[in-house]
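Chemist: Take a look and give me a structure for this.
(2 chains)
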Protein chains: 2
Amino acid sequence: MYEDTGSMGPTITIAEYFFHRLKQLDVFTVFGLPGEFNAPLIDKLYETRGLRWAGNTNELNAAYAADGYARLKGLGCVVSTFGVGELSAINGIAGSYAEHVGLLHVVGMPPTSAQTRQLLLHHTLGNGDYTVFHRMSTEVSCYSAVIIDTELCTQEVDECIRRAYVFQRPVYMGIPVNLVDMPVDYDKLNEPLDLSVPPNETSKENEVVEQILSHFYKATNPVIVADACVTRHRIEAETQELCQRTKFPLFVTPMGKGSVDEGLPQFGGVFTGSISSPSVREVVDFADCLIVVGCMLSDFETTSFHFNYRAKELVLLYPTLVKFKHATYPDINIKPLLHSLLSHLRDEQLNYQWQPRPQMVIPKLELPRTHPLRQEWVWNQISQWFMEGDIIITETGTSAFGINQTHFPPHTLGISQALWGSVGYSLGACLGAAMAVDEKSKRHRVILFVGDGAFQLTAQELSTMIRWGLTPYIFIMNNQGYSVDRFLHSNASYYDIQQWNYSILPAIFGAKDYESRKIITVGDFQDMVKDLNFSIGDRIRILEIMLPPMDVPQALREKWIQEEKKDQERRASVESVKRLKLGP
Amino acid sequence: MYEDTGSMGPTITIAEYFFHRLKQLDVFTVFGLPGEFNAPLIDKLYETRGLRWAGNTNELNAAYAADGYARLKGLGCVVSTFGVGELSAINGIAGSYAEHVGLLHVVGMPPTSAQTRQLLLHHTLGNGDYTVFHRMSTEVSCYSAVIIDTELCTQEVDECIRRAYVFQRPVYMGIPVNLVDMPVDYDKLNEPLDLSVPPNETSKENEVVEQILSHFYKATNPVIVADACVTRHRIEAETQELCQRTKFPLFVTPMGKGSVDEGLPQFGGVFTGSISSPSVREVVDFADCLIVVGCMLSDFETTSFHFNYRAKELVLLYPTLVKFKHATYPDINIKPLLHSLLSHLRDEQLNYQWQPRPQMVIPKLELPRTHPLRQEWVWNQISQWFMEGDIIITETGTSAFGINQTHFPPHTLGISQALWGSVGYSLGACLGAAMAVDEKSKRHRVILFVGDGAFQLTAQELSTMIRWGLTPYIFIMNNQGYSVDRFLHSNASYYDIQQWNYSILPAIFGAKDYESRKIITVGDFQDMVKDLNFSIGDRIRILEIMLPPMDVPQALREKWIQEEKKDQERRASVESVKRLKLGP
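Modeler: Numbering: from 1, shown residues only, chains lettered A, B, ... in the order given. Now for the predicted structure:
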């Protein structure tokens, strides 16, 4: 693996150096597909003991998988080949960018000689431009580098890893195929990577902390909302401490679900803007101080910007930015800010009088055993089947609405992609999460809820799960198409999809040990969740949950009512354009 | 569909205007997936009689399908949704750009109001930047526009269509979701689209024609090579006339295969650079005047630039550029150039003495009926089964090499993606080609050769074929992974793939009328091609051709020998870097 050259100490290739760095960060699985320009790089991965190559079925799926993996491990890596491979992956990379996921996108590039001579190589646009794909990727990366400098290559590799990990965004790292063997000093691996979040400018941080605390101390109806970046920027502990010490009522956004302990006495459920349940809205709408920790607000989770700003004082803590109602403080890293906030917080100065709040209530809906399934009923029942430590992945569809009605046991991790919302993401992410779990003792169950429409986009990744003997639960919510869109837009036939025989798919993809169930009635569902063997995640399972095409969770119904209003406004605006054009 | 407003004559929406323009160009099928920001646009498609919405399973597959469709019809259209949809498609678009395919990529964008206010909408990067995806797409488009101007929108739409069609490259056309209903004059549809190729500057064109003719007249060993852009830029007739009048020996590149009549007396087979068969090399290498018509040379077809330039005079006719050995004439459109060349050509001044050349010979390899299949044998046999008018699609894999050993009957169209070489392309392209054939009388058979590895990347598109009752032949060359790479790089385990039960896939995807065959022996294959019913393309067929993992067509073997040489050079170069770094 390395050789002693006498005068200089042992050396290692730059490719091996990179893979050893990944191992140091507990990244043991690398996703992607082989191609001519990355094969020598993958060879080096195979030579690095303790790493494994997932071998995905296509690059977009690989990027989704690396994203799901990174949401558990803090960092993921996908390797693609120049041009065709990297562009196939780019939508997944963009999702990681939008949603703050630390991802290394490593691209095997043509040899430097071909680049210099602008040869009309395959996987190029045929115009001799070897930088175009790199340029495109910079739009969805926080940093990028091509590893070509023999002297600085270890620094560049380290910087790529550091940025992806610390800023939780994708980094693009290109390596020309002829340079993977560049020798570097083995000893450099002993210099630890600096993965600390840069501290904030003290006077700015103090000003912000002072402001927040003054609002905290005054508030009589304060509220904390935990959003997606709590998990992504690893501030779960700080957020938990803030909640416990202040005792402020606590809510999560849909993407923040799973980031705080839902067993905390002040936990009140999921805040989804104007479609939140009345008991949630009652508290949040009338807050005199609302702090959102780990902000990644999108219209999907806040129902098209109807985020209620009636709160007298609003504090938004983004990963690197703080917003008060009208003021913005740029370049503030959230982790050190929270540390400072907690160290300056004087609990005894808080004015808020703790009062028990109604806990998040899961309404019981009784249906006879022979009754066909209904979304509302399924989502209310499934909570009881969840266990501590579950990893629960939901697709952007009816599942993303339904999951908000469930209760997460402690140490549950929720994975969804509500801001970027790329349909089909969840099956790839499920593979990534299951691979991360598989590296350890497999103590966690990995549970996916995906619509039949979304499942079809990335279906072949089921094959990779089977290949590795992974054991996720895949609930296919079969409503014969895209029900969210049917519900929000129209019952147009383009939302229908071809009906597949999902239950046989594992066998087609080579599964030996699997379980398929088609769940049609309430009784089928009850039998399934009561079956103790079913609760043990020891094999891959396809659970086809049969639902009516126009049946949706309650929250989606609420959203529809609001979309209808918007639609009327849109129509009115088009009418006014027409009038403008046609004259009176 | 349109309304009479009295003073101004009838109006139509801009979306309907666009779809009617497509119809005028015989584009009757539109590919893509629905999303929130393009649904109102697709509604208008449904209201346009005679158009159909393919409804693909994911956007990359949709882009591949539109590309395959465009290779038959001159223009294809894929509709995606903002951000997630368009980026999923972008690798397909880049392929169309590299390979000169006329494609309209229509993107449904968020409402202008959200863009203006920079809202943190879903399917955005969460930074209020609504232009980033458009920017990325301009890198792989010859033109782009966002349709927002109420006065100029018909002009913009026309310009988008015109450029895609005339220049045979992708055009990006965004439409904000709130503007699809913009009213435009119905009468504008009666103004014909100007789809003529712009004429060349006369003096420049004359100079080039004069040069070419002087070489033609002198040449005693001239050669014509037809490349991919002959088909793409619709110069088949001009090329055919040039061949017939000059009687020069004629060859095709792999991507040019199918662009000329292989029954012409001077046709000599496929020129693949240094791995061409000896009889081909003998003629091409010693040409004193070599003209390549419709150039799109890539390393794949010319074997890594070992294109033999021993030809005394070399004339390269690109779509908009002419190259002599060292001179370049930019901005010359190939179609008018060929017209001028043919009108100035004086056949009697040609010096070349026609001599019958050995026809392309398909070597006969005899194997007993019980023998397992071999690539070399299969490719040599399959020619006899091809029929006039077949559309033959080959994946970038062993098939791309094997197909060059076959003989195409007249009016055969070959589809491959040798320059861009995106694995998985061919299944999508097969859908597109089959849709184009389906629009007519289904007279053509659509025949796909795809490796098992490549098939897995886009497998779900088989479902769309079944949904539409299409009847392609899908030959899955099953060698348990990526054999080209195994052969050229190493027998690494990352080239292995999960084994699927391909024969049952049509049933899983809902097929009622289909045929699956697993072809293991020579006898199986002989029985299949002799079966007259099998030759009628009346149902979808999956033909799994079982081949040994390390068995490849002869041409690939030749390539391997040459790659080996390159590899040795590469290793030598790394050694020299090491020496540079480590010192003597």
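
Chemist: Up against chain B, what does the stretch 401-550 of chain A have?
Modeler: Neighbours of chain B within the stretch 401-550 of chain A, by CB under 8 Å from any CB of the partner chain: A:418-424, A:456-460, A:463-464, A:466-467, A:482, A:485, A:488-490, A:492-501, A:504-505, A:507-510. For every residue, glycine as well, the C-beta is placed using N, CA and C.

Chemist: Residue of the stretch 301-450 of chain A nearest chain B, please.
Modeler: residue A:422 (4.0 Å; CB to the nearest CB).

Chemist: Helices along the stretch 1-150 of chain A, start to end?
Modeler: A:14-24, A:39-46, A:59-73, A:84-98, A:112-116, A:132-138 (DSSP state H, counting those that start in this stretch).

Chemist: among the ones you listed, which gets the worst mean confidence?
Modeler: In terms of mean pLDDT, the lowest-scoring of those is helix A:112-116 (a mean of 82).

Chemist: Identify each buried residue in that one, please.
Modeler: Neighbour counts using 16 or more other CB atoms under 10 Å in any protein chain shown place A:112, A:114-115 of helix A:112-116 among the buried residues.

Chemist: List the buried residues in stretch A:211-227.
Modeler: A:211-213, A:215-219, A:221-227.

Chemist: returning to that earlier point: does the residue of the stretch 301-450 of chain A closest to chain B touch residue A:396 like I think?
Modeler: Yes - Residue A:422 is within contact range of residue A:396, at 7.4 Å (criterion: CB atoms under 8 Å).

Chemist: more crowded one of the two?
Modeler: residue A:422 (31 against 26; other CB atoms under 10 Å in any protein chain shown).

Chemist: got a list of what that one touches?
Modeler: A:64, A:91-92, A:95, A:396, B:84, B:88, B:123 (CB atoms under 8 Å, 6 or more residues apart in numbering or on different chains).

Chemist: go again using 10 Å as the cut-off
Modeler: By CB atoms under 10 Å, 6 or more residues apart in numbering or on different chains, residue A:422 lies in contact with A:60, A:63-64, A:67, A:91-92, A:94-95, A:98-99, A:395-396, A:428, A:454, A:457-458, B:59, B:83-85, B:87-88, B:122-123.

Chemist: isn't there a strand covering it?
Modeler: No - judged by DSSP: H, G, I helix; E, B strand; the rest coil, residue A:422 forms no part of a strand; its state is coil.

Chemist: Quick check: pLDDT value at it.
Modeler: 96.

Chemist: Any figure for the gap between it and residue A:378?
Modeler: Per CB to CB, to the nearest Å, residue A:422 is found 24 Å from residue A:378.

Chemist: any idea which element residue A:209 lies in?
Modeler: helix A:202-218 (DSSP states H and E).

Chemist: Could you check the angle the helix or strand just after that helix makes with helix A:202-218?
Modeler: Note on helix A:202-218: by DSSP H and E, the next helix or strand toward the C-terminus is strand A:222-226. Strand A:222-226 and helix A:202-218 meet at an angle of 130 degrees, taking axes from the mean of the first three to the mean of the last three CA atoms, to 10 degrees as the criterion.

Chemist: Which elements pack onto whichever helix or strand comes after strand A:222-226?
Modeler: Counting by DSSP H and E, the next helix or strand C-terminal to strand A:222-226 is helix A:229-232. Helix A:229-232 sits against helix A:59-73, helix A:236-246, strand A:289-293, strand A:313-318, helix A:334-344, strand A:413-415, with contacts defined as 3 or more CB pairs under 10 Å, 6 or more residues apart in numbering or on different chains; DSSP states H and E.

Chemist: Please state the offset of helix A:229-232 from the chain centre?
Modeler: Relative to its chain's centre, helix A:229-232 lies at 10 Å (CA atoms, centre = their mean, to the nearest Å).

Chemist: so for it, what's the average pLDDT?
Modeler: On average, helix A:229-232 scores 94.

Chemist: same check, this time on stretch A:392-403
Modeler: Here the average pLDDT along stretch A:392-403 is 91.

Chemist: How far off centre is it?
Modeler: 12 Å.

Chemist: For residue A:263, which of the helices of the stretch 1-150 of chain A is the nearest?
Modeler: Minimum separation from residue A:263 across the helices of the stretch 1-150 of chain A (CB to CB) falls at helix A:59-73, 21.2 Å.

Chemist: Quick one: work out the angle between the closest one and helix A:84-98.
Modeler: 40 degrees.

Chemist: Close to chain B as well: tell me which of the buried residues of helix A:112-116 qualify.
Modeler: A:112, A:114 (CB under 10 Å from any CB of the partner chain).

Chemist: out of the buried residues of helix A:112-116, who's nearest chain B?
Modeler: So of the buried residues of helix A:112-116, ranked by how close each gets to chain B (CB to the nearest CB), first place is residue A:114, at 8.3 Å.

Chemist: State the number of residues packed around the residue nearest to the closest one when sequence neighbours are not counted.
Modeler: In this structure, residue A:114 finds its nearest non-sequential neighbour in residue A:121, 5.3 Å apart by CB to CB, 6 or more residues apart in numbering or on different chains. Neighbour count for residue A:121, taken as other CB under 10 Å: 25.
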